[in-house]
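**Q** This is the structure alone, sequence omitted:
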């Protein structure tokens with residue numbers, strides 16, 4: 001009987017180890033996201049009018065796969081002082097970005113009465129997918145690795161949190177890691193940006209209320225792989241999306 005008990009214990013331990021191993025995933029390659037911060041030129045137009053004009057532009061085969069305009073609601077004072085919104089353009093790969101931008105040039109938004117700064121590029125890794133409405137809310141937080149953490153450990157910890165939140169509350173807010181790739185500050189004080197985008201504004205706010213009420217997504221007290229600063233809040237607006 002003792003041998004049977006020991007065998008069952010060993011099998012249970014072995015299966016548990018396999019389950020833990022299966023949960024630890026390599027970080028996926030992600031898509032390529034080019035961002036630039038912009039200001040509205042003059043005082044004739046507001047953001048809503050700029051957005052309406054952008055959606056009326058003609059996008060050809062050299063356009064990005066997806067374009068979003070992000071308007072800051074609660075961002076840093078420096079951002080509010082210097083910019084009105086951010087343009088995010090999504091491509092499947094760096095080579096696709098090179099080919100399409102070389103063909104289309106850099107004047108796609110010249111008719112919008114805006115002035116934009118230098119572009120910079122991040123790899124956008126989806127932690128969990130969700131459908132998005134044309135207008136929603138998004139939070140961003142700058143995060144730094146700690147306790148020997150790296151991209152893979154951060155991705156897996158965030159994926160575990162998203163799975164637990166969905167199982168406990170049904171909230172499936174999209175979670176992303178933005179990993180700096182090209183341009184931007186060369187001596188940055190963070191390793192990645194953690195972004196949350198609700199299907200709509202209500203879903204994102206429901207997730208924030210879960211944490212306000214004391215919910216914690218982790219089942220153990222193991223040390224964190226990263227530390228993040230407080231969130232910025234954005235209105236994110238789909239301008240264009242190519243037919244898939």
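**A** Now that the structure is in, tell me what you want to look at. Bear in mind the structure is a predicted one, so any value in this text is a computation, not a measurement.
**Q** what is the mean pLDDT for stretch 120-131?
**A** Along stretch 120-131, the predicted local confidence has a mean pLDDT of 94.
**Q** Now it: buried residues?
**A** Residues of stretch 120-131 classed as buried: 120, 121, 122, 123, 124, 125, 127, 128, 130 (neighbour count, 16 or more other Cβ atoms under 10 Å). No exception for glycine: its C-beta is placed from N, CA and C like everyone else's.
**Q** what's that stretch in contact with?
**A** Contacts to stretch 120-131, defined as Cβ atoms under 8 Å, 6 or more residues apart in numbering, come from residues 27-36, 90, 94, 97, 155, 158-159, 162-163, 166, 172-184, 193, 197, 199.
**Q** Please compute how far the helix or strand containing residue 68 lies from its chain's middle.
**A** With secondary structure defined by DSSP states H and E, residue 68 is part of strand 66-74. Centroid displacement of strand 66-74 relative to its chain, using Cα atoms, centre = their mean, to the nearest Å, is 12 Å.
**Q** and what of stretch 55-66?
**A** In terms of Cα atoms, centre = their mean, the gap separating the centre of stretch 55-66 from the centre of its chain is 21 Å.
**Q** Just the mean pLDDT for it, thanks.
**A** The model assigns stretch 55-66 a mean pLDDT of 93.
**Q** What is the end-to-end distance of that stretch?
**A** Distance between the two ends of stretch 55-66: 12 Å, counting by Cα to Cα, to the nearest Å.
**Q** Check which residues of it are buried.
**A** 59, 63, 64, 65, 66.
**Q** and if you look at stretch 166-174?
**A** When burial is assessed from 16+ other Cβ under 10 Å, stretch 166-174 yields the following buried residues: 171, 172, 173, 174.
**Q** do stretch 82-100 as well
**A** Applying a neighbour-count criterion of 16+ other Cβ under 10 Å, one finds 83, 84, 85, 86, 87, 88, 89, 90, 91, 97, 100 buried in stretch 82-100.
**Q** what's the farthest-apart pair in the residues you listed?
**A** Of all pairs drawn from these, the one with the longest distance (Cβ to Cβ) is 84 and 100, at 25.5 Å.
**Q** ok, which stretches of the chain are helices?
**A** Taking DSSP state H, the helices of the chain run over residues 2-23, 47-55, 77-82, 94-104, 151-169, 201-212.
**Q** Could you dump the ones you listed into CSV with distance to residue 234 added?
**A** CSV is the format used below for the helices of the chain (distance: least, Cβ to Cβ, whole Å):
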stretch, distance to residue 234
helix 2-23, 31
helix 47-55, 12
helix 77-82, 10
helix 94-104, 22
helix 151-169, 19
helix 201-212, 10
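**Q** Give me the buried positions along stretch 178-189.
**A** Neighbour-count burial for stretch 178-189, counted by 16+ other Cβ under 10 Å, picks out 178, 179, 180, 181.
**Q** which stretches of this protein aren't confidently modelled?
**A** 1-23, 106-110, 220-223, 244 (pLDDT under 70).
**Q** 90 - rerun?
**A** Within the chain, the segments meeting pLDDT under 90 span 1-27, 42-45, 103-113, 129-131, 147-149, 184-189, 218-225, 243-244.
**Q** so what's the backbone phi/psi at the nearest residue to residue 166 once chain neighbours are set aside?
**A** Closest residue to residue 166 in three dimensions, ignoring its sequence neighbours and counting by Cβ to Cβ, 6 or more residues apart in numbering: residue 172, at 5.1 Å. Per-residue torsions, residue 172: phi -120, psi 30 (degrees, to the nearest 10).
**Q** which residues touch residue 73?
**A** Residues in contact with residue 73 (Cβ under 8 Å, 6+ apart) are 137, 233, 234, 235.
**Q** From residue 204, how far out is it?
**A** When distance is defined by Cβ to Cβ, to the nearest Å, residue 73 is 12 Å away from residue 204.
**Q** That'll do, ta.
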